[in-house]
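> after the sequence you'll find the predicted model.
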Amino acid sequence: IFNQVVLAPADPILGLTDAFKADPRADKVNLGVGIYKDESGQTPILKSVKLAEQKLLETETSKSYLGIDGVIAYNQAVQGLLFGADHAVMTEKRAVTAQAPGGTGSLRMAAEFVVRNTDSRTVWVSNPTWANHNNIFQSAGLTVKQYGYYDAASHDINFDAMLTSLENAEEGDLLLLHGCCHNPTGIDLNISQWEVIAQLCVDKGLIPLFDFAYQGFGAGVEEDAQGLRLVASKVPELLVANSFSKNFGLYNERIGAVTLVAEDEETAKRAFSQIKSTIRSSYSNPPAHGALIVATILGDAELRKLWEEELTQMRERIAEMRVLFVKTLAQQGVSQDFSFISAQNGMFSFSGLNKEQVTRLKEEFGIYIVGSGRISVAGMTRANMDTICRAIAKVL
Ligand code: PMP
């Protein structure tokens with residue numbers, strides 16, 4: 001039967017990494033996948049993570065299964081990061097959290113849970129959005145619809161277009177929102193826009209589904225949660241899929257969580273039983289290591305402080321690279337205004353480069369970026385900046 005199987009197309013982002021690895025050129029640069037690199041081009045293990053791992057190595061006594069929902073202390077720590085201890089959803093015990101494999105696994109479990117247990121079948125995602133959103137939601141059985149988000153001419157959000165598209169959303173539809181550091185545009189809602197979206201969800205009965213993969217990469221751990229916390233204070237129900245791949249550098253530990261907020265504690269508990277049932281039939285229970293690392297760091301004042309310092313360093317290095325990128329492009333004789341890049345948040349910059357320019361960058365210069373023109377600023381360093389900007393100046 002396997003001879004009926006047709007070849008799957010390469011993943012638009014991870015496929016690029018395969019092509020990059022196979023490229024023999026010495027001065028090639030991978031600005032495709034969103035992985036943080038330090039000034040020397042490495043993706044280091046955070047010191048706070050290493051210290052937590054040492055502690056775990058000494059104290060761990062068993063590799064027995066975790067429960068279906070994972071490490072309990074971890075799930076509580078996740079809620080603390082998302083909402084802060086004093087938020088009404090915490091004091092009213094309306095939030096439940098299950099550890100899940102990365103942001104992707106968390107999104108998938110959230111979507112599966114909705115399809116299995118509710119009448120909702122539609123999710124609205126921004127145009128553009130992270131390419132894998134479509135795959136994940138369609139695989140779970142949801143219909144994906146797009147709302148307007150990015151205005152190419154102004155390199156800014158087109159909030160009116162967003163609202164116009166969402167006029168067509170119906171009660172019970174999911175609304176995917178990037179908690180911060182929108183991927184791929186780097187452009188986030190401001191507080192008054194979050195207010196409007198929260199009210200829209202209330203008025204139309206939409207269920208916000210937050211994809212929160214970059215907490216701490218925008219303005220700070222607390223600052224980046226403002227939109228989520230505001231919406232959570234207005235709407236009765238929502239879902240969050242968060243990831244610690246980036247902010248703890250735990251990419252290959254596959255650690256994230258799905259959090260559900262219901263209108264009361266009893267409903268939240270009932271819903272949680274179904275989230276666990278969804279997990280049980282998917283992978284039974286999650287792996288422990290990543291969750292124990294995060295729980296150890298967040299549960300220890302000194303390690304937490306160290307982690308926050310390390311996260312700040314990552315965030316500030318990327319911000320510096322944005323400024324240097326704009327400056328170096330100008331030095332290379334690019335007359336177009338790229339200053340908007342300094343205003344974008346997170347790992348990515350939506351450059352406005354077109355498909356043909358992206359192809360030339362790859363083929364002629366060994367600079368790998370995603371076809372949409374999304375550049376991972378986190379892969380830029382002082383050492384590769386001239387190479388990158390010289391190549392971009394040539395293709396413009
Ligand atoms: N959501 C967004 C917006 C992302 O950019 C990513 C990672 N590229 C994820 C989710 C998935 O994260 P993870 O690697 O933890 O599955």
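Done, it's in. Numbers count the residues shown, from 1 in each chain.

> and the residue nearest the centre of this protein?
Ala213 (2.7 Å; C-alpha atoms, centre = their mean).

> what sits against it?
With contacts defined as C-beta atoms under 8 Å, 6 or more residues apart in numbering, Ala213 is in contact with 103, 178-179, 181, 183, 242-243, 245-246. Backbone N, C-alpha and C define where each C-beta goes, glycine included.

> which parts of the chain sit against the ligand?
34, 102-104, 130, 178, 183, 211, 213, 243, 245, 256 (C-beta under 6 Å from any ligand atom).

> quick one: Asn384 and Gly41 touch, right?
Yes. Using C-beta atoms under 8 Å, Asn384 is in contact with Gly41, at 7.3 Å.

> quick check on these two: which one has the bigger neighbour count.
Using other C-beta atoms under 10 Å as the criterion, Asn384 and Gly41 rank with Asn384 on top: 19 against 13.

> where does the more buried one fall, secondary structure wise?
helix 382-395 (DSSP states H and E).

> if we can go back for a sec, quick check: pLDDT value at the residue nearest to the centre of the chain.
Looking at Ala213, its pLDDT stands at 98.

> quick one: contacts of the helix holding Asn384?
Helix 382-395 has contacts (C-beta under 8 Å, 6+ apart) with 27, 29, 31, 39-41, 321, 324-325, 328-329, 331-334, 351, 353, 357, 360-361, 364-365, 367, 380.

> tell me where the stretch 1-150 of the chain has strands.
Assigned by DSSP state E, counting those that start in this stretch, the strands in the stretch 1-150 of the chain fall at 29-30, 95-100, 122-127, 143-148, 150-151.

> also the stretch 151-300 of the chain?
Under DSSP E, counting those that start in this stretch, the stretch 151-300 of the chain gives strands at 156-157, 174-178, 207-212, 238-243, 256-261.

> okay, domains of this structure per the record?
10-45+315-395, 65-299 (automatic domain parsing).

> buried set for stretch 325-334?
325-326, 328-330, 332, 334 (16 or more other C-beta atoms under 10 Å).

> tell me the mean pLDDT for it?
For stretch 325-334, the per-residue pLDDT averages 94.

> gap between that stretch and the chain center?
29 Å (C-alpha atoms, centre = their mean, to the nearest Å).

> kindly report the same for stretch 279-286.
22 Å.

> compute the first-to-last residue distance for it.
9 Å (C-alpha to C-alpha, to the nearest Å).

> quick one: buried residues of it?
For stretch 279-286, the neighbour count (16+ other C-beta under 10 Å) marks 279, 285-286 as buried.

> ok, now stretch 160-178?
162, 165-166, 169, 173-178.

> same deal with stretch 88-106?
89-90, 94-106.

> one more: stretch 197-205?
Those would be 197-198, 200-201, for stretch 197-205 by 16+ other C-beta under 10 Å.

> and what of stretch 34-43?
So stretch 34-43, judged by 16+ other C-beta under 10 Å, has buried residues 34-37.

> what is the nearest of those residues to Ala232?
Gly34 (25.6 Å; C-beta to C-beta).

> so that closest one makes contact with Val377?
No. Using C-beta under 8 Å, Gly34 makes no contact with Val377, being 9.6 Å away.

> in PyMOL, how would I select just the buried ones from the contacts of Ala213?
A single PyMOL command is used to select the members of those judged buried by 16+ other C-beta under 10 Å:
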select buried, resi 103+178+179+181+183+242+243+245+246
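
> now pLDDT too, for the contacts of Ala213, in a markdown table please.
What follows is the contacts of Ala213, written out as a markdown table (pLDDT from 0 to 100):
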| residue | pLDDT |
| --- | --- |
| Gly103 | 98 |
| His178 | 98 |
| Gly179 | 98 |
| Cys181 | 97 |
| Asn183 | 95 |
| Asn242 | 98 |
| Ser243 | 98 |
| Ser245 | 98 |
| Lys246 | 97 |
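
> ok, so of the contacts of Ala213, who is nearest Glu53?
Nearest to Glu53 among the contacts of Ala213: Ser245, at 16.5 Å, using C-beta to C-beta.
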